[in-house]
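> I'd like to go over a predicted model; first the sequence, then the structure.
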Amino acid sequence: MHVVLAGGGTAGHIEPALALADALRRQDPTVGITALGTERGLETRLVPERGYDLALIPAVPLPRKPTPELITVPGRLRGTIKAAEQILERTKADCVVGFGGYVALPGYLAAKRLGVPIVVHEANARPGLANKIGSRYAAQVAVSTPDSKLRDARYIGIPLRRSIATLDRAAVRPQARAAFGLDPSLPTLLVSGGSQGARHLNEVVERVAPYLQQAGIQVLHAVGPKNELPQVHQMPGMPPYIPVPYVDRMDLAYAAADMMLCRAGAMTVAELSAVGLPAAYVPLPIGNGEQRLNAQPVVKAGGGLLVDDADLTPEWVQRHVLPVLADPHRLYEMSRAASEFGRRDADDLLVGMVYEAIASRHR
């Protein structure tokens, strides 16, 4: 069996694809896996690092919304569809699984031409153009939110790395807090805005950190690798405020924390829900509003707070985040609500859908 994965560009597309690849290999170590990518995407680093084959096709950016530019897409796609077809023929692909992004649409159209079954996974509450088109031809459609607009979709969540999907936060907490130099017993706020969305979160947290410390809260703050680390003067006897450029072991960061202040990318929401970590979600105020939609279901379930970027101030953190961190019962209830909403088994469920799609070809 050979499966071709089409989900390049950003980590939000690549990580679920790699989680599926890992799950396929767990079930059948002999399965062939090839990831489609472009030379400008993160996949050029992430896919080989995880030990999977990467096949490059030309990049054809897609407009996010219907615009006059959409008319030119078929002509520009012709060459990249042909390149994708050649990869499917060379690998004797049994199935194409797409996750959206630049490489998904040519992957879908090449698979349709060759009669290769298609499985679509949509991570965002608001589907992108590639997956809207791909879902029309798909044997199976999987989505990450229960109220997705894609037709005939199955709600499974987002395939996650095993280090996250199997994380027992309570069991790992002592080791995790020691790893970051945190106090083993104090309430802990984890802060991260990702790579693009960190600046405003960083400014707010730097200003509010002293108030949190005075209230007995310690802070682990991933400022983003391109941002300056704040100058911290640790006061004797005060809870620590620990800024770091980035965290390469998010499983340990989640285990160390009692709550997180973060953006609301689909992957972030899925990971925090799966591990039962409550969060104050601050959707990025750009794009088509999908980050707010990503966070709304878990917030509605009681597993988080939601605040517009424009409303996030040090005062808002003091009024809304501090009372949660100071209340163990409320933290417990929010954690339970998040974990009840979260899905840890999306990778295995998606493997099942791949097998169903392949079986449908041979009926």
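Great, that's in hand.

> mind giving me the domain ranges of the chain?
Per automatic domain parsing, the domain ranges recorded for the chain read 2-160+344-361, 163-341.

> can you list those in CSV and add mean neighbour count and mean pLDDT?
For glycine as for every other residue, the C-beta is placed from the backbone atoms N, C-alpha and C. Listed next are those as CSV, based on neighbours: other Cβ atoms under 10 Å; pLDDT from 0 to 100:
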stretch, mean neighbour count, mean pLDDT
domain 2-160+344-361, 20, 90
domain 163-341, 18, 93
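
> Now do the end-to-end distance for stretch 121-140.
Counting by Cα to Cα, to the nearest Å, you get 9 Å between the two ends of stretch 121-140.

> With adjacent residues omitted, what lies nearest to the residue most central in space within the chain?
Note on the chain: the residue nearest the mean C-alpha position is Met267, at 1.6 Å, using Cα atoms, centre = their mean. Counting by Cβ to Cβ, 6 or more residues apart in numbering, Gly12 is the residue found nearest to Met267 once chain neighbours are left out, at 5.1 Å.

> wouldn't the one you found be in contact with Val269 here?
No: under the contact definition of Cβ atoms under 8 Å, Gly12 does not touch Val269, with a separation of 10.8 Å.

> In contact with the residue nearest to the centre of the chain: list those residues for me.
For Met267, the set of contacting residues under the criterion of Cβ atoms under 8 Å, 6 or more residues apart in numbering consists of Ala11, Gly12, Glu15, Pro16, Ala123, Ile158.

> part of a strand, is it?
No: if the criterion is DSSP: H, G, I helix; E, B strand; the rest coil, then Met267 is helix and not within a strand.

> What spatial separation is found between it and Val351?
Separation of Met267 from Val351 (Cβ to Cβ, to the nearest Å): 19 Å.

> cool, Leu129 as well?
Per Cβ to Cβ, Leu129 is found 26 Å from Val351.

> Quick check: Ser353 touching Val119?
You called it Ser, but residue 353 is Met. Yes: contact criterion Cβ under 8 Å: Met353 and Val119 qualify, at 5.5 Å.

> Need the overlap of contacts for these two.
Common contacts of Met353 and Val119, defined by Cβ under 8 Å, 6+ apart, comprise Gln140, Ala142.

> any idea how far Arg173 is from Pro184?
Noted for Pro184: a distance of 8 Å to Arg173, by Cβ to Cβ.

> again, but for Ala138
Using Cβ to Cβ, one gets 41 Å for the distance from Ala138 to Arg173.

> do Leu261 as well
In this view, Leu261 and Arg173 are 19 Å apart by Cβ to Cβ.

> what do you get for Leu150?
Leu150 sits 38 Å away from Arg173, going by Cβ to Cβ.

> Surely Leu252 and Gln175 touch.
Yes: using Cβ under 8 Å, Leu252 makes contact with Gln175 at a distance of 7.4 Å.

> Show me where the stretch 1-150 of the chain has its strands.
2-6, 32-37, 53-56, 95-98, 118-122, 140-143 (DSSP state E, counting those that start in this stretch).

> Looking at the ones you listed, spot the one closest to Val204.
Minimum separation from Val204 across these (Cβ to Cβ) falls at strand 118-122, 31.3 Å.

> relative to strand 2-6, how tilted is the closest one?
Strand 118-122 runs at 40 degrees relative to strand 2-6, counting by axes from the mean of the first three to the mean of the last three Cα atoms, to 10 degrees.

> Could you list every helix and strand in contact with strand 118-122?
Packing partners of strand 118-122 (3 or more Cβ pairs under 8 Å, 6 or more residues apart in numbering; DSSP states H and E): strand 95-98, helix 104-114, helix 129-137, strand 140-143, helix 346-361.

> Can I get the ones you listed in TSV including distance to Pro314?
Output for these, formatted as TSV (distance: least, Cβ to Cβ, whole Å):
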stretch	distance to Pro314
strand 95-98	42
helix 104-114	41
helix 129-137	39
strand 140-143	37
helix 346-361	36
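
> Of those, give the one that comes closest to Arg162.
Using Cβ to Cβ as the measure, helix 346-361 is the one of these that comes nearest Arg162, at 8.1 Å.

> and the closest one, C-alpha only, in PDB?
Once side chains and other backbone atoms are set aside, the C-alpha atoms of helix 346-361 remain, and they are given as PDB (Å, rounded to 0.1, in the frame of the first residue of the first chain):
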ATOM      1  CA  ALA A 346      -8.100  11.400  15.400                       C
ATOM      2  CA  ASP A 347      -5.000   9.800  13.800                       C
ATOM      3  CA  ASP A 348      -6.300   6.300  14.200                       C
ATOM      4  CA  LEU A 349      -9.800   7.300  13.100                       C
ATOM      5  CA  LEU A 350      -8.300   8.900   9.900                       C
ATOM      6  CA  VAL A 351      -6.300   5.700   9.200                       C
ATOM      7  CA  GLY A 352      -9.600   3.800   9.200                       C
ATOM      8  CA  MET A 353     -11.000   6.300   6.700                       C
ATOM      9  CA  VAL A 354      -8.000   5.800   4.500                       C
ATOM     10  CA  TYR A 355      -8.600   2.100   4.500                       C
ATOM     11  CA  GLU A 356     -12.300   2.600   3.800                       C
ATOM     12  CA  ALA A 357     -11.500   4.900   0.800                       C
ATOM     13  CA  ILE A 358      -9.000   2.300  -0.600                       C
ATOM     14  CA  ALA A 359     -11.600  -0.500  -0.200                       C
ATOM     15  CA  SER A 360     -14.200   1.500  -2.000                       C
ATOM     16  CA  ARG A 361     -12.000   1.600  -5.100                       C
END
